[in-house]
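Chemist: sequence and predicted structure are below.
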Amino acid sequence: MKVIERYILRRTLAIFAASLAWLLVIVWTTQVLNRLDLVTSSGQSAATFFTVAFLTLPSVVPVIMPFVIGIAVAQTLATMNADSELVVISAAGSPRSTIIWPILIIAIIASIAAFAINNTLEPYSRQKMRTILANANADLITTVLREGSFRKVVDGIFVQISERLPNGELGGIFVIDSRDPNLKLAYRAERGATVKRDGGNILVLLDGEVQRQVANGDVSVIRFDSYAFDLSQFTNGDGVPTLFPKDRYLSELLEPDPNDKFFAKNPQSFRAELHTRFSEWLYPIVFALIGIAVAGDARSFRETRLHPMVTTLTIGLLVRWAGFYASNEAETVPAYTYLLYAAPLGMILLCCWFIATNRVMELPTSWIEQLVSIGQKVTDTMNRLRPVAGKRA
C-alpha cells in the first residue's frame, strides 16, 4: 500500500472509530432508556437492567455501521478537499483508486463485521433478552402489580387487581386481551390466585365472566366458575421463550424446524428475515461509495450549498429506508424480497457509474433549497435564544 493510501486509510479509520463511539453511545442510551420500565414496572434488580442494556448492543451496531462509514468517508474527503490535498493528489498523476481503495478496505471490513454480528452475537443476545423479559413478565402479577392500577403485561394484555387478600388470593381481577385485532376479550373475576405450573405462572380466575367481542361488533358473555389464564405471554407451553425470526441463528433460518409453531404459522417471515440477513451487510459498502461519489473529486465548496456529509447521509438514508421498508413488507408479500437486494445493489451500480464517469452525485436543487432553508431557520432560532439564555444565567 502506498504512503498516500495509508494516510487516507488512517484518517478515515480515525474518524470512523470516533463517530462509531459517539453514535453508539447516543443510540444505546435511547435503547437503555426504553428499558427502564423493566425496573420500574417489573420490579427487577439493577443488575438485570444493566444486563438487558448490555444485550442491546449487538442489535445496535449493525444498524449504525453504514451511517458511521458515510460520516467518516464524507468528512475525510471534505477535509482533504478543503486543505487542497485532493488537488495535489490529482495533480501528481495518482489514479482515483488511490482514494477509493483505502475507503473500500474499511467498508468491506465493516460489512463483514456487520454480517458476523447479525448472525452470531445478535441472535444470542436477543435470545438471552427474551428469557430475562419472560421471567420478569411472569413475576409481574405475583410481585409488583399494585392494587387498583392497570399494568401492561405484554402488548395487548392489561391486568388490574382490586385487592390482595390475607390468604394470598387476589380480589376483583380484570384482564383485557386485545392481541387479536378481530377478537377482544375482557375477563372479570371476583377472586383468583397465581399458581406455578410447568415452569410458568398461571392466573386462576374464580367466579367470573368473559366478554367476547368479534370484528363485526357482536358481543357474547360467558360465565365460568374457574378459568386458567397463562401469564407467561412470552413463553410457550414448556416455559421456553418464544423466538421470532430476528432471534434465530442463520442455521435456523436456512433449515427451519418444521415442527416450530411460529414457522408453521408464518413461514414467509423466516424467508424474509433470511434474505434481510443476506442483503443488510452490503450497506456499509453502499454508504462508502455514496461518500466517494459525493466528495471524492477535487472541487471548490463554492460549487455546492450543502456540506458533502449532509448530502451523503441524506442519500444513504433514502436507500436505507427502502431496505427497511422492503424488509417489513417482505414478511407478508414475497415480491418485496427482490427490493431487499435491488436497493443496495442498485445504489452500488449507480455510485460506480458516477465514480467511473467523474460525475458528482448531488441532491436535486429543490431538495437542497429546502434543506438550506431549514438549516437557516434553525440557526436563526438558536441565535435568538442565546441572548435569552444569557440573561437567565
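Modeler: Structure's in. What do you need?
Chemist: helix, strand or coil: sort out residue 278 for me.
Modeler: helix (DSSP: H, G, I helix; E, B strand; the rest coil).
Chemist: any idea how far it lies from residue 20?
Modeler: 24 Å (Cβ to Cβ, to the nearest Å). For the C-beta atoms, the positions are set from N, CA and C on the backbone; glycine is no exception.
Chemist: ok, the two, which is more surrounded?
Modeler: residue 20 (19 against 16; other Cβ atoms under 10 Å).
Chemist: relative to residue 70, how far out is the more buried one?
Modeler: Applying Cβ to Cβ to residue 20 and residue 70 gives a distance of 12 Å.
Chemist: spit out the residues that contact the two alike.
Modeler: Counting by Cβ atoms under 8 Å, 6 or more residues apart in numbering, no residue touches both residue 20 and residue 70.
Chemist: domain parsing for the chain?
Modeler: Following automatic domain parsing, the chain resolves into domains at 3-136+246-374, 147-230.
Chemist: those domains into a markdown table, with extra columns for mean pLDDT and distance to residue 380?
Modeler: Below are the domains of the chain laid out as a markdown table (pLDDT from 0 to 100; distance: least, Cβ to Cβ, whole Å):
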| stretch | mean pLDDT | distance to residue 380 |
| --- | --- | --- |
| domain 3-136+246-374 | 85 | 11 |
| domain 147-230 | 78 | 42 |
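Chemist: looking at those, which is buried most?
Modeler: Comparing these by mean neighbour count (mean count of other Cβ atoms under 10 Å), domain 3-136+246-374 comes out on top with a mean of 17.
Chemist: shouldn't residue 297 be in contact with residue 358?
Modeler: Yes: in this structure, residue 297 is within contact of residue 358 by Cβ atoms under 8 Å, at 6.8 Å.
Chemist: mind listing the strands for the stretch 151-300 of the chain?
Modeler: 151-154, 157-164, 170-180, 183-197, 200-214, 219-230 (DSSP state E, counting those that start in this stretch).
Chemist: so can I have a markdown table of those showing distance to residue 263?
Modeler: Shown next, in a markdown table, are the strands of the stretch 151-300 of the chain (distance: least, Cβ to Cβ, whole Å):
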| stretch | distance to residue 263 |
| --- | --- |
| strand 151-154 | 21 |
| strand 157-164 | 24 |
| strand 170-180 | 19 |
| strand 183-197 | 23 |
| strand 200-214 | 22 |
| strand 219-230 | 21 |
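Chemist: nearest to residue 342, of the ones you listed?
Modeler: Closest of these to residue 342 is strand 170-180, at 34.3 Å (criterion: Cβ to Cβ).
Chemist: cool, thanks, talk later.
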